[in-house]
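S.K.: take a look and give me a structure for this.
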Amino acid sequence: MTASLSSNVNNVKVTHPQVIVIGAGPTGLLVASELARRKVAVRIIDKRDARQEISKALVVQARTLEIMDLCGLIEPFLRRGYPAPGLNIGLHGSGKGTVDLRRLGTRYPYLLVIPQNETEELIETRLNEFGIKIERGLELVAVRQDADSATATLRDREAKIHEVRTSYLIGCDGTHSAVREAIGMPFEGEDIEFTTFLADVKLDAHFIRSRITNFTGQRGFVSILPFMGEYARIFAVDFTKQDIPVEEKLELSDLQDTVDAIVPQRVELHDPRWITRFRSPSRQVPFMRQRRVFLAGDAAHSHTPAGGEGMNSGLQDAYNFAWRLATVLRREGPETLLDGYHEERHLVDEQTQRETDRMFRSFVLTNPLLKAGRDLLFRSALSFPPVQRKISEDLSNIGIDYTFTQASQSEHHSEDAAQDCLSAGARVPDAELWRPGKPFVRLYECLRVPSMSLFAYVAADRLDADRALIGSLMDALKRTFADRLARTIVIDEGLPQEVNAGAEVLVDHKGQFASGLGAVHGRVFLIRPDGYLALHRSGWSPEKIVAAVELWLMPAVVPKADVLPQQSGEPADRLQLASGPHPSRTGR
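M.R.: As a prediction, this is how the structure comes out:
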């Protein structure tokens, strides 16, 4: 016998939620939070009775920090973590083997070291502000789908069975995903053959506690990452201890012996709060979607901890998925938007898996000649700025783009697309802009609105000649898309009140918008909520630009349905900046 579960979401009774999220780790929490921020009825379910205090992940990469900025969550992260400027890649701590992130073209040129349980706490706090609580002690046991819905079969702590029907379901439930198993999705790949030691311990050592430091030796390698405070994460492979079963308890004395044999200086370990052996999987699903069920994070891909990419890949999956699904459920965008999730993230996650596997295997080389060649390559290659930049962009995920997709390639070859500017699918860098009488505003703050954003770039010395054309374009966009599209005019210099063309105006007073996007007079940019460029056009033609935007957004002719009302007391930065109305919401 089955029962129906219901939940109060934003003070609205939700018996049939639009979305069910399975798994309340970082990935699932961000999916649920971003859907709730966009007024989607969502429930998040986890079989655990409480958050795990063990922190599996410790590093938040620069691109993930940019996503937290776009969510309006960046400040609490920066208060909790500490910025590590880079890492030493083996070579016994030699500075010649250092990856330095401080020259990255981002507001966050570092690794933010913060335990995963604190990352979960911060996102869960935001989720709670939207009236959503994690429903714990419920285990998914089956999923069935039809043309219009997915039904989740759940088992509670008393072994009672419940069924919940939803429009879409997303599995964020980790490497051993029940969702993935329920839909019969393969998890292709293998487990890495090396047993790895992992521990959170206090340590006494004489080196700078500011970055990941890797050491290699005849017996294997040791990686040390200090937390904020007394503890550090130890990650090690010892070739002489590979025949010990992975299930056998790892003693602190065993780990100390490994560290003593590999690290060329004294590092004394004590007071472990977590110590274990494990083998890393290197696996990925062939498809991140099966009809109305999606997979994200470790449920879709899992790889070695090398480079600290696992949680970051999941959080980037989450944001890519959430804005797409919310746009579709709010009936603001075509359902084909959902196809872009697999097209973009599957290839990026595959590349991340390949790179982290390659990094891990370079650390566990046993052949002396290969090891010598590796060390020589690292030392010489990292001394060249282009190599340093490429490795830094890959490690930080700043180098991720979606220029390879069908939509981006079609845009690139369109005769209407602007030339000599940022490519469709590329990451849009942040920029500082100005508005009179108020604090400066950053581009990423403008992108925090739950809609897509259009920016038209105007040169002040050509404003008078084109004012009527710009006004006609803004009027056409407002009539067609209403508040589905945030519209902003960016002027290269001058006073915003002089523009008077039907949209909020910001001044590119430092030229950062122009240099970052390749903007000149007459360029129009459509930017996605995740900070990637959807398309660009030259000229002020309402017909051409409206038609281009319609590839991503539907005209506002169908009333919004199944969208929850705004409740009082929701976070102030959801739809506006703390200092006043969001610039792109004025004049709609």
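
S.K.: isn't residue 299 right up against residue 173?
M.R.: Yes: if you go by C-beta atoms under 8 Å, residue 299 and residue 173 touch, sitting 5.5 Å apart. For glycine as for every other residue, the C-beta is placed from the backbone atoms N, C-alpha and C.

S.K.: between those two, which contacts overlap?
M.R.: Here residue 299 and residue 173 have 23, 179 as joint contacts, going by C-beta atoms under 8 Å, 6 or more residues apart in numbering.

S.K.: neighbour-wise, which of the two wins?
M.R.: Taking other C-beta atoms under 10 Å, residue 299 and residue 173 do not tie; residue 299 has more neighbours (31 against 28).

S.K.: contacts only, for the closest residue to the more buried one other than its chain neighbours.
M.R.: In this structure, residue 299 finds its nearest non-sequential neighbour in residue 177, 3.6 Å apart by C-beta to C-beta, 6 or more residues apart in numbering. Counting by C-beta under 8 Å, 6+ apart, residue 177 makes contact with 23, 171, 187, 295, 298, 299.

S.K.: 7 Å - rerun?
M.R.: By C-beta atoms under 7 Å, 6 or more residues apart in numbering, the contact set of residue 177 is 171, 295, 299.

S.K.: now for the first one, how many residues are close by?
M.R.: As a burial measure, residue 171 scores 32 neighbours (other C-beta under 10 Å).

S.K.: distance of it from residue 323?
M.R.: Remark: distance between residue 171 and residue 323 (C-beta to C-beta, to the nearest Å) = 19 Å.

S.K.: can you pull the buried residues of stretch 507-520?
M.R.: By 16 or more other C-beta atoms under 10 Å, the buried positions in stretch 507-520 come out as 507, 508, 509, 512, 513, 514, 516, 517, 518, 519.

S.K.: need the single longest helix in this protein, by residues.
M.R.: Ranked by residue count and defined by DSSP state H, the top helix of the chain is helix 339-363.

S.K.: mind listing residues that contact that helix?
M.R.: Against helix 339-363 from outside (C-beta under 7 Å, 6+ apart): 90, 192, 214, 216, 221, 282, 284, 287-289, 294, 300-301, 303-304, 306-307, 309, 313, 317, 320-321, 324, 374, 394, 400, 402, 404-405, 407.

S.K.: so which bits of that helix are buried?
M.R.: Neighbour-count burial for helix 339-363 flags 340-346, 348-349, 352-353, 355-357, 359-360, 362-363 (criterion: 16+ other C-beta under 10 Å).

S.K.: tell me the contacts of the nearest residue to residue 281 once chain neighbours are set aside?
M.R.: Excluding the flanking residues, the one nearest residue 281 by C-beta to C-beta, 6+ apart is residue 302, at 4.5 Å. By C-beta under 7 Å, 6+ apart, the contact list for residue 302 reads 175, 281, 283.

S.K.: check residue 405 too.
M.R.: 340, 343, 344, 425.

S.K.: span of stretch 327-342 from start to end?
M.R.: With C-alpha to C-alpha, to the nearest Å as the measure, stretch 327-342 spans 16 Å from end to end.

S.K.: what about that stretch, distance to the chain center?
M.R.: On the basis of C-alpha atoms, centre = their mean, to the nearest Å, stretch 327-342 sits 18 Å off its chain's mean C-alpha point.

S.K.: so residue 508 touches residue 489, yeah?
M.R.: No: taking contacts as C-beta atoms under 7 Å, residue 508 lies outside contact range of residue 489: 10.6 Å.

S.K.: and for the two, which residues touch both?
M.R.: With the criterion set as C-beta under 7 Å, 6+ apart, the contacts of residue 508 and residue 489 do not overlap.

S.K.: thinking again about what came up before, ok, the residue nearest to residue 299 to residue 411 distance?
M.R.: Residue 177 sits 34 Å away from residue 411, going by C-beta to C-beta.

S.K.: swap in residue 170?
M.R.: 28 Å.

S.K.: neighbour count winner among the two?
M.R.: The neighbour comparison of residue 170 against residue 411 (other C-beta under 10 Å) goes to residue 170, with 36 against 24.

S.K.: and the more buried one, that's in a strand?
M.R.: Yes: judged by DSSP: H, G, I helix; E, B strand; the rest coil, residue 170 forms part of a strand.

S.K.: quick one: contacts for the most centrally placed residue in the chain?
M.R.: Most central in the chain under C-alpha atoms, centre = their mean is residue 316, positioned 2.3 Å from the mean C-alpha point. Residues near residue 316 by C-beta under 7 Å, 6+ apart: 63, 64, 67, 397.

S.K.: taking those residues one by one, which sit in helices?
M.R.: 63, 64, 67.

S.K.: surely the second one meets residue 315?
M.R.: Yes: contact criterion C-beta under 7 Å: residue 64 and residue 315 qualify, at 5.1 Å.

S.K.: out of the two, which sits in the more crowded spot?
M.R.: When residue 64 and residue 315 are compared for neighbours, residue 315 comes out ahead with 30 against 26, by other C-beta under 10 Å.

S.K.: now whatever helix or strand the more buried one lives in: buried residues?
M.R.: Element membership for residue 315 (DSSP states H and E) is helix 310-329. For helix 310-329, a neighbour-count test (16+ other C-beta under 10 Å) marks 310-329 as buried.

S.K.: grab the nearest non-local neighbour of residue 484.
M.R.: Closest to residue 484 by C-beta to C-beta, 6+ apart is residue 332, at 4.8 Å.

S.K.: ok, the one you found - contacts?
M.R.: 484, 553, 554.

S.K.: list the contacts of the host helix or strand of residue 142.
M.R.: Taking DSSP H and E as the criterion, residue 142 maps to strand 139-145. The contact list for strand 139-145 (C-beta under 7 Å, 6+ apart) reads 22, 47, 150-155, 169, 178-179, 182-183, 291-293.

S.K.: and what of stretch 190-206?
M.R.: Stretch 190-206 has contacts (C-beta under 7 Å, 6+ apart) with 230-238, 242, 246, 250, 255, 258, 265-282, 304, 360, 364.

S.K.: one step back: please tell me how far the residue nearest to residue 484 sits from residue 169.
M.R.: Counting by C-beta to C-beta - residue 332 and residue 169 are separated by 21 Å.

S.K.: before we move on, what about residue 49?
M.R.: 22 Å.

S.K.: for residue 67, same thing?
M.R.: From residue 67 to residue 169 the distance is 23 Å (C-beta to C-beta).

S.K.: next, residue 477: phi, psi?
M.R.: The phi/psi pair for residue 477 (degrees, to the nearest 10) reads phi -70, psi -40.

S.K.: what ranges do the strands span in the stretch 1-150 of the chain?
M.R.: Assigned by DSSP state E, counting those that start in this stretch, the strands in the stretch 1-150 of the chain fall at 2-4, 7-9, 12-14, 19-22, 42-46, 59-60, 82-84, 86-88, 98-100, 111-113, 134-136, 139-145, 150-155.

S.K.: okay, these in JSON lines with mean neighbour count next?
M.R.: Output for these, formatted as JSON lines (neighbours: other C-beta atoms under 10 Å):
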{"stretch": "strand 2-4", "mean neighbour count": "11"}
{"stretch": "strand 7-9", "mean neighbour count": "17"}
{"stretch": "strand 12-14", "mean neighbour count": "13"}
{"stretch": "strand 19-22", "mean neighbour count": "29"}
{"stretch": "strand 42-46", "mean neighbour count": "27"}
{"stretch": "strand 59-60", "mean neighbour count": "26"}
{"stretch": "strand 82-84", "mean neighbour count": "18"}
{"stretch": "strand 86-88", "mean neighbour count": "23"}
{"stretch": "strand 98-100", "mean neighbour count": "20"}
{"stretch": "strand 111-113", "mean neighbour count": "25"}
{"stretch": "strand 134-136", "mean neighbour count": "19"}
{"stretch": "strand 139-145", "mean neighbour count": "17"}
{"stretch": "strand 150-155", "mean neighbour count": "20"}
